[in-house]
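> Predicted model, plus sequence, below.
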Amino acid sequence: MTKKATLNLDDGAMRLVGKNETGTVTAFDVTSENGGNGSAASPMEVFLQSAAACSGMDILSIIRKKRKTVTDLRIEIEGERAEEHPHIYTSIAVKYILVSPDATEGDMKRACELSQDQYCSAFAMIKRSGCAVSWTSGIERP
């Protein structure tokens, strides 16, 4: 399965706008300290958000297949980066919070385990790079 995208300089500074094969647009920028305008998330911020979204979609699918109601899913993600170039992520901590009237802590824990250990392509790549990934999960009632 091959995926393609095109990115173009958008503002003459550092802002890039990408478009995928279906026409979806994603903007990237950096802070003014790094030559940009801060008009969009940086590529490494988007990378972190993408990993969380990939895992989150797994979790939503798993919980819904158990016929549980999902009111909300919040994912808090924090990554530590290396001091030297390339500033790779060396550790990532993820906290998943499911808001559901009927899902149990066990349902959520199992969904997170399946995502982290089996289904999430983004976290699989991150872990294979040597980055330490930790996670916690919880349930809140609406």
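Received, thanks.
> contacts and neighbour counts: CA atoms only from here.
Fine.
> contact partners of the top helix by length along the chain?
Longest helix in the chain by number of residues, with DSSP state H as the criterion: helix 43-65. Helix 43-65 has contacts (Cα atoms under 8 Å, 6 or more residues apart in numbering) with 28-29, 69-70, 73, 75, 77-79, 94, 103, 107-108, 111-112, 115-116, 119-123.
> From those, keep the buried residues only.
28-29, 69-70, 73, 75, 77-79, 94, 103, 107-108, 111-112, 115-116, 119-120, 122-123 (16 or more other Cα atoms under 10 Å).
> Cross the contacts of helix 43-65 against strands and list the overlap.
Here DSSP state E is the test, and the contacts of helix 43-65 give Phe28, Leu73, Ile75, Ile77, Glu78, Gly79, Val94 as lying in strands.
> and of those residues, the nearest to Gly12?
Phe28 (12.9 Å; Cα to Cα).
> quick one: contacts for that closest one?
Each residue near Phe28 by Cα under 8 Å, 6+ apart is listed here: Arg15, Leu16, Val17, Gly18, Ser39, Ala40, Ala41, Ser42, Pro43.
> so how far is Asn20 from the last one?
Same thing as Pro43. From Pro43 across to Asn20, the span is 15 Å (Cα to Cα, to the nearest Å).
> Check what pLDDT Ile97 gets.
Note for Ile97: predicted pLDDT of 98.
> Surely it is in a strand?
Yes - the assignment for Ile97 is a strand, going by DSSP: H, G, I helix; E, B strand; the rest coil.
> buried residues in stretch 55-75?
In stretch 55-75, counting by 16+ other Cα under 10 Å, buried: Ser55, Gly56, Asp58, Ile59, Leu60, Ile62, Ile63, Lys68, Thr69, Val70, Leu73, Ile75.
> need these in a markdown table with distance to Glu83, can you?
Supplementary listing: those in a markdown table, determined by distance: Cα to Cα, whole Å:
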| residue | distance to Glu83 |
| --- | --- |
| Ser55 | 27 |
| Gly56 | 29 |
| Asp58 | 32 |
| Ile59 | 32 |
| Leu60 | 35 |
| Ile62 | 37 |
| Ile63 | 38 |
| Lys68 | 43 |
| Thr69 | 43 |
| Val70 | 39 |
| Leu73 | 32 |
| Ile75 | 26 |
